Structures are given as structure tokens and as C-alpha cells.
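Colleague: model this:
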Amino acid sequence: MDQTKQEDDYGYDLFPERKSGKYKKGSIAETLFTFNTKCELMLNFAIKSSPYAKLLLSAMKSSGCTVYKDRHFSCEDCDNTVSGGFDAASSQIVLCRNNIHQQSHMNRVVTHELIHAFDHCRAHVDWFNNFRHLACSEIRAANLSGDCSFSNEVARLNFGLKQHHQECVRDRALRSILAVRKIGREEAEKIVDEVFDTCFNDHAPFGRIPHSKKDANFAYRHYENRGRYYTNL
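Modeller: From the prediction side, this is the model:
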């Protein structure tokens with residue numbers, strides 16, 4: 001298959017710095033030059049202070065997939081329609097520096113993409129050939145990252161009806177799939193419906209849906225203390 005066509009089919013056209021093998025990790029001088037950019041500073045704050053991110057990073061380390069900031073995160077310019085992405089081919093999280101302008105937005109994007117990275121670590125996810133695997137991870141990321149929190153939905157002027165959270169998760173997962181794969185909407189909806197209940201109820205590693213930062217803090221403390229009871233027996 002033509003390399004460029006294949007990349008477009010996998011959503012690489014949204015991340016131009018990664019198209020056609022042109023992406024290369026910057027030199028030391030370039031890294032030092034960009035270290036103090038807004039994107040880098042917000043990323044540092046997110047991974048050090050967000051309980052969502054801290055729990056995911058801890059869970060990945062426990063699973064043998066330690067995340068290193070300089071290796072596994074990359075601030076890049078992207079298409080205006082996306083804020084970030086997980087590049088399974090390189091095991092890197094892309095943060096769209098031209099589209100992320102607020103710390104709260106950075107926190108959500110980092111969390112969303114770390115959920116994909118966590119799924120990549122713990123399971124044999126076939127990102128490029130199995131749409132059900134992709135749909136499952138997108139459902140989990142929308143459900144657990146705070147994308148569909150009450151405050152975010154109010155900010156989008158989306159007001160809740162019965163099971164509004166589930167509908168938000170379904171909609172955002174569907175839109176993510178359509179953005180990165182050449183697939184018809186009807187087929188994508190069918191795939192999301194087929195895996196929705198199982199994946200929506202998979203809350204690992206949080207153990208619950210963290211609807212707020214308070215919930216995420218509780219989940220993080222619970223995760224960090226998970227072995228303490230048995231240690232004291």
C-alpha cells in the first residue's frame with residue numbers, strides 16, 4: 001500500500017510533523033530551546049499535579065511501562081481539529097501546542113492520551129486493523145478522562161438528559177474514530193454500540209468513573225495504598 005495513503009487512513013494527516021516518516025526527535029539544542037514553551041510547561045504541571053495523570057503514570061509503571069517525559073511526550077503543531085493523539089507506532093503522546101492554550105485543557109488531553117497508552121501497555125491492542133479495539137479505548141478515554149464531566153458539558157452548552165454522560169461518551173468516541181479512520185458513520189456507530197457496555201464499565205486503573213478532580217484524588221490515594229492492608233496482616 002502507498003505509504004502516504006496508509007498514513008492518511010490512520011489519521012496521520014492530522015499530525016503533519018509525523019507524516020511520511022518526516023518526524024524526528026529534535027536535537028539537544030532544539031530540545032533546550034523548546035523546553036520553556038507554554039506546551040512544555042503545561043505538560044510538566046499536568047504530570048506532576050493532576051491526580052488523573054499521576055494515577056495513570058503509576059499504573060503504567062506498575063505494569064512495566066514506565067513513561068519518560070522526554071521520550072513519550074512530544075509537543076507538535078497539528079491540524080486545528082485535534083488537541084492530541086497517541087501514536088502507537090512510536091508509543092508517543094502528541095500534544096498539539098497550537099491548539100492547547102489552558103492548563104485544564106492540557107490536563108484532559110494528557111489524561112485522555114495516557115488512557116490510550118495504558119491500554120496499549122496492558123492489552124494487545126491492534127490499533128491499525130481492529131476497529132473494535134480502537135472503539136473500546138476511545139470509549140474508555142472519553143469516560144475516564146473528564147471529557148464528559150458536568151462542567152465541561154455545561155461549557156459546551158450541552159445540558160444533561162437521562163444518561164447524558166453515556167451519550168456524551170458515545171458521541172465523543174464516535175467522533176474520535178471518524179477523525180482518524182476512513183470509515184462510514186453507520187459502520188462506526190455499529191462498532192461503538194457492539195463494544196460500548198463492556199468498555200464503558202471497564203474503569204481500570206481508576207476503579208470508578210472519576211467525575212471530578214476530587215474523585216480522581218480519591219482514586220489515586222486508593223491506588224497508591226492498595227497493598228497496605230495486606231502488608232499489615
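Colleague: Just the CA coordinates for the helix ranked longest in the chain, please, in PDB.
Modeller: Longest helix in the chain by number of residues, with DSSP state H as the criterion: helix 103-122. What follows is the C-alpha trace of helix 103-122 in PDB, where atoms were taken according to Å, rounded to 0.1, in the frame of the first residue of the first chain:
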ATOM      1  CA  GLN A 103      -3.900  24.200  31.800                       C
ATOM      2  CA  SER A 104      -7.300  22.500  32.300                       C
ATOM      3  CA  HIS A 105      -7.400  21.500  28.600                       C
ATOM      4  CA  MET A 106      -3.800  20.200  28.800                       C
ATOM      5  CA  ASN A 107      -4.700  18.100  31.900                       C
ATOM      6  CA  ARG A 108      -7.600  16.500  30.000                       C
ATOM      7  CA  VAL A 109      -5.600  15.800  26.800                       C
ATOM      8  CA  VAL A 110      -2.700  14.300  28.800                       C
ATOM      9  CA  THR A 111      -5.200  12.100  30.700                       C
ATOM     10  CA  HIS A 112      -7.100  11.100  27.600                       C
ATOM     11  CA  GLU A 113      -4.000  10.100  25.700                       C
ATOM     12  CA  LEU A 114      -2.400   8.300  28.800                       C
ATOM     13  CA  ILE A 115      -5.500   6.100  28.900                       C
ATOM     14  CA  HIS A 116      -4.700   5.000  25.300                       C
ATOM     15  CA  ALA A 117      -1.100   4.500  26.400                       C
ATOM     16  CA  PHE A 118      -2.300   2.400  29.400                       C
ATOM     17  CA  ASP A 119      -4.500   0.300  27.100                       C
ATOM     18  CA  HIS A 120      -1.500  -0.100  24.800                       C
ATOM     19  CA  CYS A 121       0.600  -1.300  27.700                       C
ATOM     20  CA  ARG A 122      -1.800  -3.700  29.400                       C
END
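Colleague: quick one: the helices in the protein?
Modeller: Along the chain, counting by DSSP H, helices occupy 3-9, 28-34, 38-49, 51-62, 69-72, 103-122, 131-144, 150-155, 164-180, 185-200, 213-224, 228-231.
Colleague: Now mean pLDDT too, for the ones you listed, in CSV please.
Modeller: Output for the helices of the chain, formatted as CSV (pLDDT from 0 to 100):
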stretch, mean pLDDT
helix 3-9, 50
helix 28-34, 49
helix 38-49, 96
helix 51-62, 97
helix 69-72, 96
helix 103-122, 97
helix 131-144, 98
helix 150-155, 60
helix 164-180, 94
helix 185-200, 98
helix 213-224, 94
helix 228-231, 55
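Colleague: so what's the residue sitting nearest the centre point of the chain up against?
Modeller: The structure's the chain has its C-alpha centroid closest to Glu113; by Cα atoms, centre = their mean the separation is 1.8 Å. Taking Cβ atoms under 8 Å, 6 or more residues apart in numbering, we find Glu113 in contact with 84-86, 93-95, 141. In this view, the C-beta of every residue, glycine as well, is placed from N, C-alpha and C.
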